[in-house]
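Peer 1: This is a predicted model, with the sequence first.
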Amino acid sequence: ETGVTQSPTHLIKTRGQQVTLRCSSQSGHNTVSWYQQALGQGPQFIFQYYREEENGRGNFPPRFSGLQFPNYSSELNVNALELDDSALYLCASSLGGGGGKTGELFFGEGSRLTVL
Amino acid sequence: AQRVTQPEKLLSVFKGAPVELKCNYSYSGSPELFWYVQYSRQRLQLLLRHISRESIKGFTADLNKGETSFHLKKPFAQEEDSAMYYCALFSGSARQLTFGSGTQLTVLP
């Protein structure tokens, strides 16, 4: 069974740039969620994708957007990067059976983004 | 709005001593609560969920709706229990987990 994988593991961007982070869900999982974890904080929910559509969103501005592909993999895109976007971005997959009806998530190791 | 509070950022206990990691929540609906754990250099993973009423690695957690708490307990801590522990509340309607800020547990030899 293949776990959740994320790429890249680390990246550095400058303010105003755009970034794309990628995630492959665990085998058989149809729902992907993204979380932002700032230093010293717990993960914060960004959004969730099921059947290639966003079906849940946290308190993040529209410059945070995503995609889910037919193979359930997903991308997180952040436009117009700000210094406060520096964080660990976690992808989590689950077998939602209808869009994430469970809190049992399987996490990747994360992509650490530094914005200068 | 839902909120999860873990009042202790750091907690140290000696091996063999009891340990309790505190978690309080606020939520208007029927809560579904979890404990997640992150060991050093490993990914965040589920430890236990209240609905299962299970004991994992000797840890238990009881949901107390009156006190809006979901404290994690273990009677005899082991050094391998040293990790970051996150309490989390799941909202089915919002389809999101809300995490607390975490408690770093260190079990001393």
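Peer 2: Thanks, I have the structure now.

Peer 1: List the beta-bridge partners for the spatially most central residue of chain A.
Peer 2: For chain A, A:Trp34 is the residue whose C-alpha lies nearest the centre (CA atoms, centre = their mean; 2.8 Å). Taking DSSP bridges as the rule, A:Trp34 bridges to A:Phe47, A:Cys91.

Peer 1: hang on, isn't it packed against A:Asn77?
Peer 2: No - assessed by CB atoms under 8 Å, A:Trp34 is found out of contact with A:Asn77, at 10.4 Å. (Glycine included, C-beta is placed from N, CA and C.)

Peer 1: which residues are common contacts for these two?
Peer 2: Taking CB atoms under 8 Å, 6 or more residues apart in numbering or on different chains as the criterion, A:Trp34 and A:Asn77 both touch A:Gly66.

Peer 1: now A:Glu109, nearest residue through space, not along the chain?
Peer 2: Excluding the flanking residues, the one nearest A:Glu109 by CB to CB, 6 or more residues apart in numbering or on different chains is B:Arg43, at 5.0 Å.

Peer 1: what's the spacing between that neighbour and A:Leu88?
Peer 2: 11 Å (CB to CB, to the nearest Å).

Peer 1: any common contacting residues for the two?
Peer 2: Common neighbours of B:Arg43 and A:Leu88 (CB under 8 Å, 6+ apart) are A:Gly110.

Peer 1: What segments of chain B are strands?
Peer 2: Secondary structure of chain B, counting by DSSP state E: strands at B:3-5, B:10-14, B:19-21, B:24-26, B:32-38, B:45-49, B:60-61, B:72-74, B:83-91, B:96-99, B:103-108.
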